[in-house]
Structure formats: structure tokens, C-alpha cells
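*Asks:* Okay, sequence plus prediction incoming.
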There are 2 protein chains.
Amino acid sequence: MGVVVAFEDKEASQGPGQDAGKARIETLVGLTRADMERVNAMILSRTGSDVTMIPEVANHLISSGGKRLRPMLTLATAALCDYRGEGHVKLAASVEFMHTATLLHDDVVDQSDMRRGKLAARMLWGNEASVLVGDFLLGQAFKMMVEVGSLRALDILSTAAAVIAEGEVLQLSVAKNTETTEDEYLAVIRGKTAELFAAACEVGPVIAEAGKANAAACRSYGLNLGIAFQLIDDALDYGGVASKLGKNTGDDFREGKITLPVVLSFRRGTDTERAFWRRTLQNGEINEGDLEEAQSIMRRHRALDDTIERAEHYAKMAKDALGLFPASPMKQALNETVDFCVSRAH
Amino acid sequence: MGVVVAFEDKEASQGPGQDAGKARIETLVGLTRADMERVNAMILSRTGSDVTMIPEVANHLISSGGKRLRPMLTLATAALCDYRGEGHVKLAASVEFMHTATLLHDDVVDQSDMRRGKLAARMLWGNEASVLVGDFLLGQAFKMMVEVGSLRALDILSTAAAVIAEGEVLQLSVAKNTETTEDEYLAVIRGKTAELFAAACEVGPVIAEAGKANAAACRSYGLNLGIAFQLIDDALDYGGVASKLGKNTGDDFREGKITLPVVLSFRRGTDTERAFWRRTLQNGEINEGDLEEAQSIMRRHRALDDTIERAEHYAKMAKDALGLFPASPMKQALNETVDFCVSRAH
């Protein structure tokens, strides 16, 4: 369930001289660069342990090139609210640890072999180590939050940890069920993806003591960005609107994951098509050419286009949520980030 | 918070010979007509009481021309799942009683003078009577549900009763707060409006023993239809896209209700415009020409268009939810009902 922004693809397809384009992440990266260096140093220092397997397992994943969008959002929303303290660095590191912990656990649950183009930690150190190092990171995350000393931030992030786990359990219960409704699927991704985005964005204004309305606005921004982000990821896993075969294309299909493009295709499909989805995703019988057939069915029912259209709805909500903040480079950067996340699918 | 479908307006604007049009409620009305006559008889018989004030107050509202869309949906979803029993009539009547009870209570909470073009019951019999007759109807609703004997249907409808009350309390807490986020507003209407639509649609397949997937599909249809319905109502209250002054135009504005067109306008607005919303909705200082000014601000920020666009997102979800049911006149009627609800705003 981990999600990695395909920054490189985007940069390549955009080319130089595209400064006028508003769908870019570079502005956010630039504005948070100085603080992110401190977050990265904090992350490295907090994975240390006398039990050498812990830093080995943790750093295998942590150094594997995730783009750290979530901690960047914590730094960005704190800055948006003129935060002047030091707590944002530890909270951002906590958010990344929570994310890393869920990735480690997800790979065990999903029996995944690969993660971010490398062997999954569980393939090198085993399932037990992946589960326990995930728990260790979660513990370290809570320690850092406590050090920051904001009870409200602690409340938000610990609630998020529970909600994420709840979302994962919900996903287990809908797993491989091709009859999953769109609402059920949305409940899953609200939990497993959007909640951490929401919490990451909410703690910024909270430690900045920026007031309830600003905290609610940033939370809403994060939640809806998270939903849009995951939906676009779902579409990309089948090649986006172009239905091309890319680096990670077909992972969800091979793992039998029910995502929105499948939900829509299944509901809009014929009996023959539904039998295809049941065979491949429910029963796991996948043959040569089935991924291409899946893409072809999706094209027939506009399932990828409509997944992207649904994502755009949440993207619009995310941008409207920030409306109350006065114009600033950071606000602009956060809005561009929304457009960037959606534009990945085009 | 009660919602009345403006059937007449629609018929008038559509004119004759529009059979090819798919945005119409007439097909649903036609297909449920026979059962609705039994529901209406049941409603009349169950408002009877030796305490004469009870049937007086209840029938004042019940006979005031609401279009009974919710009980129609219970009958329709039962029929969609080939229900052959008798329980749907009492469940449909229960749903309408629950709706009527919330209208009686809402008018007290909102201190409304009018309801469906007539004096509100509380203006004729007082607040106490409105509250207590609402409670009586809720009690009668539960009695009818128990008579049907489906524990699952009871569970669904009693849960809905609690969720609706929760939504109303949530609305109190966001009331007159112009900084309400879109997510907070959506949480309110999910509770106060969409939950009863969802429950009304879910009990049909449940008593038909049509299986979990069909119940989830109908629930999802109802929930998303309910959200779309309320958003369109919000837009209509400011005249829809035409921003015309109609029969009920401006009710929400005069009552200081925060609805999505206001949420969007406030977030997208200038400081001067935000001061306008605070003065009128938060402080309740409304002068001559303010409603027209509100409409003009909404036009400037495309707030009504975008409220309708947001509604269309939920409308699409509602229609996709029914995808698993084989083609039938009832399925067609339910899809047309979604389009009808959205098309009211154009």
C-alpha cells in the first residue's frame, strides 16, 4: 500500500522551460529543503540501536528513495502558519517513521517481494524482523512526538496510527472481493492512505497554535490530497489514461488488489468480464496476456479516465480547503503539489 | 433541513414529449404507485391516537405535499431485489415517519416559521407539541419495524436514527461558523440527509434477503444520492445556476445556514466578501439587497456551478453503485431518479 511519487517520470515528461506550469512538486521541495535536511538527519539518528539488525532493516527501506512527501507536508503546513519553533522537525520525522512502519508491515501482509525497485526487507531479513522493526519505528515515532510536547499533536498522530491500522484491517476484509463498492473502497483508502496525509498536515498548524479553523483547513487539504493521490496511484498501476506498461504497471493486478479502476470495471462490465475479474483477482489465476486484457476492459468502460476524474474531485476539495490562507509562496507550492499529484496520470 | 423535491417545477420546464429524457422521477413514481398507496394508507392509520393533538399535528405535516421519495426508494430497492413479501410497506412507512419526525424537530431547533409553504406545526401547536409528536412518530416507526421482524432492518434503521441525530448535533456545532470546511459540511449532510436515504435503500435488499453485495450496493446508491440531493438543494436555495429568485430562494441565507455554496464562496472570497458573510450569516444582520449580493458573490466565484459539479460526482457514484444489478425497468427508474435530482438545479 506504500506509495512513491514518480518524480523522475514527471520531470522527464515535462522537460525544461515549463516554469509556467502549475503541476509541479519542485516549489514545495525547494521551500522545505533546509528543514528536510534536518528531518533526514533526525531520521538517521533515530534508527540507531545496539541491536544492529534494527538500523540495517530500517535503513534498507528508509534509504531506498522514497520522496518523503508526508514529512514535507508537515514542514510546509507549519511554515504556512508561520511556525517559529523547533518541533516541526521531530513531528515530520515521526510522520515518516509511521509511514515506513506501515510499509514494512504491509509487505508482510501482502507477501510482497519488491518495494521501490529493491527486494522487500522481509525477503532479506524475514517477516518477523519486518514486523518488529516496524514496531520499533512506531515506538520511536511516539518518543519523538512526546519530546515535542504537544498533547494535541500527539492525539492527532496516535489517532491516525489507530485509523491506519483500522484501514488495513478493513482492506483485509474487502481483499479479493470484486463486489467491493466504491464507498467501501473509499473507506479503505481514507484509512490506509489519506489519514496519514491528513494528520501530517494538521500537526503543522497545531504546533504553530494557528487556531482551529486553520488546523481544520490543513487537515482537509491533507485528507483530500491523500485520497486523490491514492486514486491516481491506482490508475497509474494500470498505466494511467494511456494504459501504457510502465515500471510498476500491473503490481496491483498481480497481487489481486481491488482498486477503484477494478471496482468501476466490474460494476460496468458484462458477465464475461466479471468472470475474468473473478478468475484473475479473486482466484488469483493469472495467465499471459491477462494484464493487457484488464487494461482493455478498463478502456472499454472508461474506468481509468473516471478514476482520474474522481481523483480530480478530491483535488479540487483539497485546494478549496486552503482558501482561507492569504496568498504566499508556500500556499502556491501546496496548490501546485495537488495538481502535480493528479497530473502524474496524464 | 427537510428537503422537498420540486416535482412540479421540473414537469413544467420539461414539457410534454420529453420521454427520451433520462432525468425524470415519473418512472419511479409509476413503478411504485400501487405499493405507495398502501404505504400512504399505513401512514394514515398509524398516526391515529386518542390524544387528538397527535393526529392533528402529524397530519398537518404529513398531508402537506412532501413527495415521499424516501419510502419510494425502500419500495423500489425491495422490488429491484425481487422481494415478494409484505414487510416493505411497513418499512417504507417507518422511513417516512423517521423523516417527518426529524422535520418536526428541525423546525423547533431552527425556529422556522414555515414548512412546505404552510405554517410550521410549532407555530400552530407550539414547540413542545412538535417535539413530542416527533417522538411519537419515531416510536411508531420502531413499532412498525419490529412488526416486520427483520433484526437486520431494525439494526439499519435504528443506527440511522442515531446517526441522523448525531448529524443534527454536529450541525449545531458548525452553525453560523463561516469557516466550516467542506469536509465538515459533508459530514453534516451525510448524517442529517444521506444516512436516511442510505438506510431507506438498504432495507429493501435486506428484507429481500438479496445478499451482502446487493445490500451494500443499494446502501451506496442511497448514500450518494442523498449527498447529491442535498447539495443540489443547497444550490437551489440560492436559485441554482441561474441564480434566479424562486419560491424558496434565500431560506438558508435568512436562517444563517452554512451550506456548500457559502463554504466555497467564503474560502474563495476577498476580505470584504468574508466580512459580508460574517455580518449576514454569523451575526444575522441582513439588510435589503443582501440576498442579491450573496448571489452575485457566488456567481463571481462559481460557487453554485461548483456545488452542482460536486453533486454530480456523488450522482455518478450512486449510478455506478447499481452496476451489478441486471438491466430492468426499476434499475432504469433508479438511475433516472439520480439524474432528475441533479437536473433540478439547471
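*Replies:* Yes, it's here.
*Asks:* Against chain B, how distant is A:Glu309?
*Replies:* Computed with CB to the nearest CB, to the nearest Å, the distance linking A:Glu309 and chain B is 8 Å. All C-beta atoms are positioned from the backbone trio N, CA, C, and that covers glycine.
*Asks:* so which helix or strand takes in that residue?
*Replies:* Take DSSP states H and E as the rule and A:Glu309 turns out to sit in helix A:303-321.
*Asks:* Give me the buried positions along that helix.
*Replies:* Along helix A:303-321, these residues count as buried under the neighbour rule (16 or more other CB atoms under 10 Å in any protein chain shown): A:303-308, A:310-321.
*Asks:* One more: stretch A:127-134?
*Replies:* Of the residues in stretch A:127-134, those buried (16+ other CB under 10 Å) are A:127, A:129-134.
*Asks:* returning to that earlier point: could you point out the helix or strand that follows the helix holding A:Glu309?
*Replies:* Following helix A:303-321 toward the C-terminus (DSSP H and E): helix A:329-343.
*Asks:* Just want the angle from that next one to helix A:303-321.
*Replies:* Interaxial angle, helix A:329-343 versus helix A:303-321 (axes from the mean of the first three to the mean of the last three CA atoms, to 10 degrees): 170 degrees.
*Asks:* helices or strands up against helix A:329-343?
*Replies:* Applying 3 or more CB pairs under 8 Å, 6 or more residues apart in numbering or on different chains; DSSP states H and E, one finds that helix A:329-343 makes contact with helix A:26-46, helix A:69-80, helix A:212-236, helix A:303-321.
*Asks:* who's in contact with the next helix or strand after the third one?
*Replies:* Tracing the chain C-terminally past helix A:212-236 and defining elements by DSSP H and E, one meets helix A:251-254 next. Outside of helix A:251-254, the residues that reach it under the criterion CB atoms under 8 Å, 6 or more residues apart in numbering or on different chains are A:234, A:237-238, A:259, A:280-281, A:286, A:290-291, A:294.
*Asks:* how near is A:Val146 to A:Gly87?
*Replies:* Distance of A:Val146 to A:Gly87, computed by CB to CB, to the nearest Å: 11 Å.
*Asks:* out of these two, which sits in the more crowded spot?
*Replies:* Ranked by neighbour count (other CB atoms under 10 Å in any protein chain shown), A:Val146 and A:Gly87 place A:Gly87 first, with 22 against 14.
*Asks:* before we move on, back to that, can you lay out the contacts of helix A:251-254 as JSON lines showing pLDDT and distance to chain B?
*Replies:* Supplementary listing: these in JSON lines, determined by pLDDT from 0 to 100; distance: CB to the nearest CB, whole Å:
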{"residue": "A:Asp234", "pLDDT": "95", "distance to chain B": "15"}
{"residue": "A:Asp237", "pLDDT": "93", "distance to chain B": "20"}
{"residue": "A:Tyr238", "pLDDT": "94", "distance to chain B": "17"}
{"residue": "A:Thr259", "pLDDT": "96", "distance to chain B": "14"}
{"residue": "A:Thr280", "pLDDT": "97", "distance to chain B": "18"}
{"residue": "A:Leu281", "pLDDT": "96", "distance to chain B": "15"}
{"residue": "A:Ile286", "pLDDT": "96", "distance to chain B": "23"}
{"residue": "A:Asp290", "pLDDT": "97", "distance to chain B": "22"}
{"residue": "A:Leu291", "pLDDT": "95", "distance to chain B": "23"}
{"residue": "A:Ala294", "pLDDT": "97", "distance to chain B": "17"}
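*Asks:* buried subset of those residues?
*Replies:* By 16+ other CB under 10 Å, the contacts of helix A:251-254 give A:234, A:237-238, A:259, A:280-281, A:286, A:290-291, A:294 as buried.
*Asks:* give me every residue that touches the residue nearest to A:Asp339 when sequence neighbours are not counted.
*Replies:* Leaving out its chain neighbours, the residue that sits closest to A:Asp339 by CB to CB, 6 or more residues apart in numbering or on different chains is A:Ala23, at 3.8 Å. Shown in contact with A:Ala23 (CB under 8 Å, 6+ apart): A:336, A:339-340, A:342-343.
*Asks:* what's the burial count for A:Arg190?
*Replies:* 20.
*Asks:* Can you give me every residue that contacts it?
*Replies:* Counted by CB under 8 Å, 6+ apart, A:Arg190 has contacts A:167, A:223, A:226-227.
*Asks:* interface residues of the stretch 101-250 of chain A facing chain B?
*Replies:* A:179, A:181-184, A:213, A:216-217, A:219-220, A:223-224 (CB under 8 Å from any CB of the partner chain).
*Asks:* any idea how far B:Arg268 is from A:Leu322?
*Replies:* 11 Å.
*Asks:* same thing with A:Glu147?
*Replies:* A:Glu147 is 39 Å from B:Arg268, by CB to CB.
*Asks:* ok, the two, which is more surrounded?
*Replies:* Higher neighbour count among A:Glu147 and B:Arg268: B:Arg268, with 20 against 11, using other CB under 10 Å.
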